[in-house]
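A.B. asks: Got a predicted structure here, sequence first:
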Amino acid sequence: MFEYIKGSVEALKPSHIILETNSVGYFITISLNTYTQLFGETTVKLFVHQVIREDAHLLYGFITETERELFRMLISVSGIGSNTAIMMFSSLSPDEIRNAIFNENINLLKSIKGIGIKTAQRVIIDLKDKVGKSPASEQIVASASNTLRNEALSALIMLGFAKKPIEKELDKILTAQPNLSVENVIKLALKSL
């Protein structure tokens, strides 16, 4: 099975990407969430999930490993297939899905096309413990436009600080001084935490 594919973007649509690597073009299904993060990029690295069926070999692409992990959790739930899980990622961000599951927000989950009340309940029952056990450091969402903040956040979490206060402090620092290096952002955050 493939872990990730890194290559140049040949075509990018809200539902899929064609990624060329070593003269081979891979058709990879993506969510709207991934599409917005990839928009304007020429070279990308996507973590993939491969589905092999009798009639097709399908690839689903994700910007982060944690997003792919959540996708795999979702498709393990009875009644949710790959296309429904991608629809969930297109309707809500991975963090919103995690929070909806953890906080048992059935109404938010059933607002997604293709998810009824019974499926929403099953998702919560099957995944609440798994989503709740995810370490805070795994829930850091890396985005191409926000890598500086995420690197600083990762470093401070590794040093043992709680995620929520760090996020607030980093946002305050980066709003005031957006051109700082990662090292300087971490130093400023350490002084105020």
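C.D. replies: Nice, thanks for sending it over.

A.B. asks: Point out where the chain drops to low pLDDT.
C.D. replies: 132-146 (pLDDT under 70).

A.B. asks: and the residue nearest to the spatial centre of it, what are its phi and psi?
C.D. replies: Most central in the chain under C-alpha atoms, centre = their mean is Glu67, positioned 3.3 Å from the mean C-alpha point. Torsion angles at Glu67 (phi, psi; degrees, to the nearest 10) stand at phi -70, psi -40.

A.B. asks: I'd say it and Ile86 touch.
C.D. replies: No. Shown here, Glu67 and Ile86 do not form a contact pair, counting by C-beta atoms under 8 Å, at 11.0 Å. C-beta here means a position set from N, CA and C on the backbone, and glycine is covered the same way.

A.B. asks: ok so Ile5 is a strand residue?
C.D. replies: Yes. Looking at Ile5 with DSSP: H, G, I helix; E, B strand; the rest coil, it is inside a strand.

A.B. asks: Which residue ranges of the chain form strands?
C.D. replies: Applying DSSP state E to the chain gives strands spanning 4-12, 16-21, 24-29, 43-52, 57-62.

A.B. asks: what's the longest one packed up against?
C.D. replies: This means strand 43-52. Here strand 43-52 is seen to pack against strand 4-12, strand 16-21, strand 57-62, helix 65-75 when contacts are counted using 3 or more C-beta pairs under 8 Å, 6 or more residues apart in numbering; DSSP states H and E.

A.B. asks: With distance to Arg122 added, can I get those in a markdown table?
C.D. replies: Shown next, in a markdown table, are those (distance: least, C-beta to C-beta, whole Å):
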| stretch | distance to Arg122 |
| --- | --- |
| strand 4-12 | 30 |
| strand 16-21 | 28 |
| strand 57-62 | 21 |
| helix 65-75 | 11 |
